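S.K.: What follows is a predicted protein model with its sequence.
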Amino acid sequence: MSKLPDLSAEECIRALEKAGFTIARQGKHITMRRDNPRLRVTIPNHRTIKKGTLRSIIRQAGLTVDEFVALL
């Protein structure tokens, strides 16, 4: 398992867009969705996302940490 880098919300969004997610709505939190398979991910709109929160986002997206890091 690779270490997670420090990421902002924008960097996380770009990686998830490469995985097929699109922004559904935006505010204090950004909701992204993918239709096939149907998944929804919520990302806090912060400058830096905490490691535990980032792991939760990766888990919600149905990815492994290594797959997510490869998308960066």
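M.R.: Arrived safely, thanks for sending.
S.K.: what's the pLDDT at the closest residue to I49 other than its chain neighbours?
M.R.: Nearest residue to I49, sequence neighbours excluded (C-beta to C-beta, 6 or more residues apart in numbering): L7, at 5.5 Å. To be clear about C-beta, it is placed using only N, CA and C from the backbone, and glycine gets the same treatment. Looking at L7, its pLDDT reads 91.
S.K.: how about L7, phi and psi?
M.R.: Per-residue torsions, L7: phi -130, psi 150 (degrees, to the nearest 10).
S.K.: Go ahead and confirm it touches K51.
M.R.: No. Applying C-beta atoms under 8 Å, one finds L7 not in contact with K51, separated by 9.5 Å.
S.K.: just to revisit the earlier point, and for the residue nearest to I49, the neighbour number?
M.R.: The number of residues packed near L7 is 21, by other C-beta atoms under 10 Å.
S.K.: show me the contacts for it.
M.R.: By C-beta atoms under 8 Å, 6 or more residues apart in numbering, L7 lies in contact with A15, T48, I49, L54, L72.
S.K.: And for R25?
M.R.: T31.
S.K.: Check the gap between it and K51 for me.
M.R.: 25 Å (C-beta to C-beta, to the nearest Å).
S.K.: quick one, helices of the chain?
M.R.: Along the chain, counting by DSSP state H, helices occupy 9-18, 51-60, 65-71.
S.K.: Let me have the ones you listed in TSV, adding distance to R40 and mean neighbour count as columns.
M.R.: As requested, the helices of the chain are exported to TSV (distance: least, C-beta to C-beta, whole Å; neighbours: other C-beta atoms under 10 Å):
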stretch	distance to R40	mean neighbour count
helix 9-18	11	17
helix 51-60	8	16
helix 65-71	17	15
